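Engineer: fold the following.
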Amino acid sequence: MKFGPVFFMIAMLPCFASCDQQETTTIILARHGQTQANVDSILAGRRLDATLTETGIAQAKRLGQALSAQTFSAFYCSTLTRTYETGNYALAAIPNQPTLEATKLSGLDDVDYGQATGLTEAEAAKQFDGTGFPADFGPIDDANFKPKFTEENTYQWFARFEGALKEIGAKEKGHRVLVVSHGASYYWGQLHFGADKVTGFGNAAYAEITFRNGEFSLVSWHSQLN
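Structural biologist: Residues are numbered from 1 along each chain as shown. You can find the predicted model right below:
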């Protein structure tokens with residue numbers, strides 16, 4: 001009995017779907033819940049280890065409820081307590097979710113505000129003539145830009161953040177993982193997917209992203225937690 005090319009194409013369809021799933025990493029990228037630094041408009045960045053407020057804890061639990069239909073095989077966060085707490089509260093609120101140990105990656109840390117750390121946004125703007133990220137951290141393509149208040153520029157932050165996400169994506173092929181980071185994730189999202197699709201990233205907001213063959217794709221971006 002002879003089989004034509006159409007038969008073999010149909011026969012291979014399940015394999016194509018299965019192989020695609022095995023090669024694709026699904027990343028739920030979330031921002032941490034509210035901290036007192038957020039309330040007081042203090043620049044915390046990667047040097048100030050702020051913890052969640054009661055509101056922030058409630059937001060983290062609501063994040064878990066929003067993700068209640070999903071099951072995660074790994075949990076990644078920055079080295080800062082606010083992301084660790086958010087992820088643990090969120091995972092605890094997901095039914096039938098196995099307990100996961102956090103893998104902390106410094107590449108996921110918030111931007112470094114250097115000498116402006118601990119100042120209010122108004123104080124820092126007056127003292128350093130602006131500390132807004134990313135405008136005052138330099139262009140995305142300028143590795144040598146020197147901000148007035150810190151040593152890390154936009155180029156360096158983007159490189160370490162993107163590097164951490166790619167590390168996760170390559171390691172977790174075929175899995176769904178929770179990654180909790182900081183508000184600067186918003187700018188990474190805009191650079192990758194466009195300002196029309198990425199319009200904000202409030203406390204405990206999240207996005208669903210896939211990683212396959214070294215490339216990121218956006219499934220959905222939830223700028224505010226419902």
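
Engineer: please make it C-alpha for all contacts and neighbour counts, starting now.
Structural biologist: Fine.

Engineer: what does stretch 171-178 contact?
Structural biologist: 21-30, 71-76, 87 (CA atoms under 8 Å, 6 or more residues apart in numbering).

Engineer: oops, could you answer that again for stretch 36-56 instead?
Structural biologist: 32-35, 80-82, 85-86, 109-114, 116-121, 203-204.

Engineer: list the strands paired with the host helix or strand of Phe75, with their directions.
Structural biologist: Assigned by DSSP states H and E, Phe75 falls within strand 74-77. Strand 74-77 has the following sheet partners, assigned by DSSP bridges: strand 102-104 (parallel), strand 176-181 (parallel).

Engineer: which of the contacts of stretch 36-56 fall in helices?
Structural biologist: Residues of the contacts of stretch 36-56 located in helices (DSSP state H): Thr81, Arg82, Glu85, Thr86, Glu121.

Engineer: so who does Ala90 touch?
Structural biologist: Applying CA under 8 Å, 6+ apart, the residues near Ala90 are Ala60, Lys61, Arg62, Leu63, Gly64, Gln65.

Engineer: now do 10 Å
Structural biologist: 57-68, 178, 204 (CA atoms under 10 Å, 6 or more residues apart in numbering).

Engineer: Ser217 too?
Structural biologist: Going by CA under 10 Å, 6+ apart, Ser217 touches Thr26, His192, Phe193, Glu208, Ile209, Thr210, Phe211.

Engineer: what helix or strand is the residue positioned nearest the centre of the chain located in?
Structural biologist: A centroid search over the chain (CA atoms, centre = their mean) returns Leu29, at 3.9 Å, as the residue closest to the centre. Under the criterion of DSSP H and E, Leu29 resides in strand 25-31.

Engineer: what's that strand packed up against?
Structural biologist: helix 54-66, strand 74-77, helix 81-92, helix 154-171, strand 176-181, helix 185-193, strand 206-212, strand 215-222 (3 or more CA pairs under 10 Å, 6 or more residues apart in numbering; DSSP states H and E).

Engineer: single out the most deeply packed of these.
Structural biologist: Among the helices and strands packed on strand 25-31, strand 176-181 has the highest mean neighbour count (mean count of other CA atoms under 10 Å), at a mean of 26.

Engineer: quick one: average confidence on it?
Structural biologist: The average pLDDT for strand 176-181 rounds to 98.

Engineer: so, low pLDDT: which residues of the chain?
Structural biologist: 1-21 (pLDDT under 70).
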